[in-house]
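Visitor: heads up, no residue letters with this:
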């Protein structure tokens, strides 16, 4: 068992287990991005739309989704509302805090199938595979 979380529905357990395995079965057919949840793939798809309606008033960067603009604005405000309860590090995005928390947990590391390197975050493993092994999938 990788963590103590419990779920009533099997599909919730399956979805949660992807956090530990790094599995991302939902692939964008327009770019090389992949997602662990179908909902996240659907949120991603408007990025490929020609029309981007939400523009930052500070730097003029445009976004296809309003929530992406809201998250982007923390770059300009410096706001870091997400604080680590262990060490106090602060982050502008909840996802960044979630990634950081793994530093303090005893989660099973994710091992590269092509060498002996281990990682706490699946994104770092993917980055390693692209950089060191020259592949994006496996």
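Guide: Alright, I've got the coordinates. Only a predicted model underlies this, so the values are computations on that prediction, with no experimental measurement involved.

Visitor: Give me the neighbour count for residue 111.
Guide: Using other CB atoms under 10 Å as the criterion, residue 111 is surrounded by 12 other residues. Any C-beta I mention is one placed from the backbone N, CA and C, and that applies to glycine too.

Visitor: Please determine how far the residue nearest the centre of the chain is located from residue 83.
Guide: Here the mean C-alpha position of the chain is nearest to the C-alpha of residue 95 (CA atoms, centre = their mean), at a distance of 6.5 Å. In this structure, residue 95 lies at 14 Å from residue 83, with CB to CB, to the nearest Å as the measure.

Visitor: How far does the host helix or strand of the residue nearest to the centre of the chain sit from its chain's centre?
Guide: Assigning secondary structure by DSSP states H and E places residue 95 in helix 94-101. Between the mean C-alpha point of helix 94-101 and the mean C-alpha point of its chain there is a distance of 9 Å (CA atoms, centre = their mean, to the nearest Å).

Visitor: and after that helix, which helix or strand comes next?
Guide: Beyond helix 94-101 in the direction of the C-terminus, DSSP H and E gives the next helix or strand as strand 110-111.

Visitor: got the domain boundaries for the chain?
Guide: Domain assignment for the chain, taken from automatic domain parsing, gives 12-46, 110-138.

Visitor: Including distance to residue 64 and mean pLDDT, could those go into JSON lines?
Guide: JSON lines is the format used below for those (distance: least, CB to CB, whole Å; pLDDT from 0 to 100):
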{"stretch": "domain 12-46", "distance to residue 64": "4", "mean pLDDT": "87"}
{"stretch": "domain 110-138", "distance to residue 64": "22", "mean pLDDT": "79"}
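
Visitor: Mind putting the ones you listed into JSON lines with distance to residue 68?
Guide: As requested, those are exported to JSON lines (distance: least, CB to CB, whole Å):
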{"stretch": "domain 12-46", "distance to residue 68": "9"}
{"stretch": "domain 110-138", "distance to residue 68": "18"}
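
Visitor: and residue 74, which of the ones you listed is closest to it?
Guide: Across the domains of the chain, the minimum distance to residue 74, taken as CB to CB, is reached by domain 12-46, at 18.2 Å.

Visitor: Tell me which residues of the closest one come out buried.
Guide: Applying a neighbour-count criterion of 16 or more other CB atoms under 10 Å, one finds 18-19, 24, 26, 34-36, 41, 44 buried in domain 12-46.
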